[in-house]
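Student: Just need the structure, nothing else, for what follows:
(2 chains)
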Amino acid sequence: EAEVAQSPRYKITEKSQAVAFWCDPISGHATLYWYRQILGQGPELLVQFQDESVVDDSQLPKDRFSAERLKGVDSTLKIQPAELGDSAMYLCASSHGRTVNTGELFFGEGSRLTVL
Amino acid sequence: KQEVTQIPAALSVPEGENLVLNCSFTDSAIYNLQWFRQDPGKGLTSLLLIQSSQREQTSGRLNASLDKSSGRSTLYIAASQPGDSATYLCAVLGAGNNRKLIWGLGTSLAVNP
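Tutor: This next block holds a predicted model:
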């Protein structure tokens, strides 16, 4: 069964260091999302891509976070420098996003970040 | 502004019991509503998706209903099992140009053997 792949599953880093997360959506899915989830809370959208274009990054802390999806397939989310408050689960999701689109989201296993 | 609320925040039931989780939303102009399951430290698994034109969806022991006019959805779990223990989240996708996914905070379910 097709799935969203994310890596790494776990990352421990010290504050002020750079961190990067990678996501490979389900093949053919045009829409890709990066979410951040703090323990006990619902997911918070950081950035949404339609193919290679950003359609919503209003909640992305752009002074330290960046995201790209250069060829409209896989995507990278980077944090530099990492801060203690960035400790969270970073979730990637994709949806079909084409003409026949139910709007159903499929999530990866997530990348758990701990900043010391 | 769409707001999504899930009640109760936590639920503990004995194995075998039928149970209902609730999700309410303030703006009925929705495209769809999706129920997810999340195990501790894991990503989200899609359980059921209900389009705005549908009233319910079923998958195995799960049944989700949607009443747009009252701004409510319920997730019914029949004959609960310890393996159903997880957090259940609902998310509402706005209609029209406001295609934002708004999340509830989830219901933490514990099914006791």
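
Student: Next, count neighbours for the residue of chain B found nearest chain A.
Tutor: Of all residues in chain B, residue B:103 sits closest to chain A, at 3.5 Å by Cβ to the nearest Cβ. Every residue, glycine included, has its C-beta placed from N, CA and C. Residues near residue B:103, counting by other Cβ atoms under 10 Å in any protein chain shown, number 21.

Student: which ones are touching it?
Tutor: A:42, A:43, B:4, B:89, B:90, B:91 (Cβ atoms under 8 Å, 6 or more residues apart in numbering or on different chains).

Student: among the residues you listed, who's most crowded?
Tutor: Neighbour counts for the contacts of residue B:103 peak at residue B:90, which has 30 neighbours (criterion: other Cβ under 10 Å).

Student: wait, it sits on residue B:71?
Tutor: No. If you go by Cβ atoms under 8 Å, residue B:90 and residue B:71 don't touch, sitting 11.8 Å apart.

Student: and for these two, which residues touch both?
Tutor: In contact with both residue B:90 and residue B:71: no residue, using Cβ under 8 Å, 6+ apart.

Student: quick one, strands of the chain?
Tutor: All of this is about chain A. Secondary structure of chain A (DSSP state E): strands at A:5-7, A:10-13, A:19-24, A:31-37, A:44-50, A:53-56, A:65-68, A:75-79, A:88-95, A:106-107, A:111-115.

Student: right idea, wrong chain: chain B
Tutor: With DSSP E as the criterion, chain B has strands spanning B:4-7, B:10-14, B:19-25, B:30-38, B:44-51, B:56-59, B:62-67, B:72-77, B:86-94, B:101-103, B:107-112.

Student: would you turn those strands into JSON lines with distance to residue A:97?
Tutor: Converted to JSON lines, the strands of chain B look like this (distance: least, Cβ to Cβ, whole Å):
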{"stretch": "strand B:4-7", "distance to residue A:97": "22"}
{"stretch": "strand B:10-14", "distance to residue A:97": "34"}
{"stretch": "strand B:19-25", "distance to residue A:97": "23"}
{"stretch": "strand B:30-38", "distance to residue A:97": "13"}
{"stretch": "strand B:44-51", "distance to residue A:97": "15"}
{"stretch": "strand B:56-59", "distance to residue A:97": "21"}
{"stretch": "strand B:62-67", "distance to residue A:97": "22"}
{"stretch": "strand B:72-77", "distance to residue A:97": "23"}
{"stretch": "strand B:86-94", "distance to residue A:97": "12"}
{"stretch": "strand B:101-103", "distance to residue A:97": "13"}
{"stretch": "strand B:107-112", "distance to residue A:97": "29"}
